[in-house]
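Asks: Sequence and predicted structure are below.
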Amino acid sequence: MELLAGANSYDILKGNYVYLDNDFLNLLYKNADVFTQSLEYLKSSERIVDPFTKFEFLRGIYVPGEKKAMENFIDFFTSPINHNDLFLNIQKNALALSMIYCHNKMAKGVSTVDLLLAGRIMYHASEPLLITGNKKDFPSCIFDNLTVFNIEQISDGSIQSFSVVKFNREKFKTCIENLDKVA
């Protein structure tokens, strides 16, 4: 596997907090080459795994002995502070997103974990970035797509895409205003 990215991807990620969605995290865990290549792009970034993403990552352990290896892998990444007051804000943001998605007929198949992850990203004033293969869970009406990582499967030439997205407060505000008009 080979990671292919736009020439400006390093500059986009540089100095930012970058959350990793479960699908990208799983790819990194299962493929040492892509992990190493992605670290080159992320070396000047704070790589973060949300507690909900960690839960999603670890919940699918089926192979005996795999749990410890997966926990060691996930501990390589930073985990944000997680306390009740923060969760209440995350939950409020996730609910607002859910209502916007429903209003815009985009709610089908959006996971609760991704809504909560988006809610955490919205909470931060620094507006961190997110790498996800589930672009539909982070739609363009609220999130800006900054760049794309394409992962090429060398054996068959297939390509899997991962978007680097950023929460856009102005777009969100417009969506809330539109939602308020129909409420």
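Replies: That came through, no problem.
Asks: got any ranges where the chain has weak pLDDT?
Replies: 107, 182-183 (pLDDT under 70).
Asks: residue ranges for the helices of it, please.
Replies: 9-13, 22-30, 32-42, 51-58, 66-74, 84-103, 112-123, 169-182 (DSSP state H).
Asks: Of all those helices, which one is nearest Phe162?
Replies: Closest of the helices of the chain to Phe162 is helix 22-30, at 5.3 Å (criterion: C-beta to C-beta). Bear in mind the C-beta positions are built from the backbone N, C-alpha and C, glycine included.
Asks: Return the residues in contact with Leu20.
Replies: Leu20 makes contacts with Leu28, Arg47, Ile48, Val49, Thr53, Phe77, Leu130, Ile131, as judged by C-beta atoms under 8 Å, 6 or more residues apart in numbering.
Asks: same question but for Glu46, I mixed them up
Replies: Asn16, Tyr17, Val18, Thr78.
Asks: hmm, 6 Å instead?
Replies: Contacts for Glu46 (C-beta atoms under 6 Å, 6 or more residues apart in numbering) come out as Tyr17, Thr78.
Asks: Quick check: the gap between it and Val148.
Replies: Using C-beta to C-beta, to the nearest Å, Glu46 is found at 21 Å from Val148.
Asks: just Thr53 next, same as before
Replies: Distance, Thr53 to Val148, using C-beta to C-beta: 20 Å.
Asks: hang on, the earlier thing: want to throw the helices of the chain into a markdown table with mean neighbour count and distance to Gly157?
Replies: Formatted as a markdown table, the helices of the chain follow (neighbours: other C-beta atoms under 10 Å; distance: least, C-beta to C-beta, whole Å):
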| stretch | mean neighbour count | distance to Gly157 |
| --- | --- | --- |
| helix 9-13 | 18 | 21 |
| helix 22-30 | 19 | 17 |
| helix 32-42 | 16 | 16 |
| helix 51-58 | 19 | 28 |
| helix 66-74 | 13 | 28 |
| helix 84-103 | 16 | 34 |
| helix 112-123 | 22 | 29 |
| helix 169-182 | 12 | 35 |
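Asks: The ones you listed into TSV, with extra columns for distance to Asp144?
Replies: As requested, the helices of the chain are exported to TSV (distance: least, C-beta to C-beta, whole Å):
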stretch	distance to Asp144
helix 9-13	11
helix 22-30	18
helix 32-42	18
helix 51-58	21
helix 66-74	27
helix 84-103	15
helix 112-123	12
helix 169-182	8
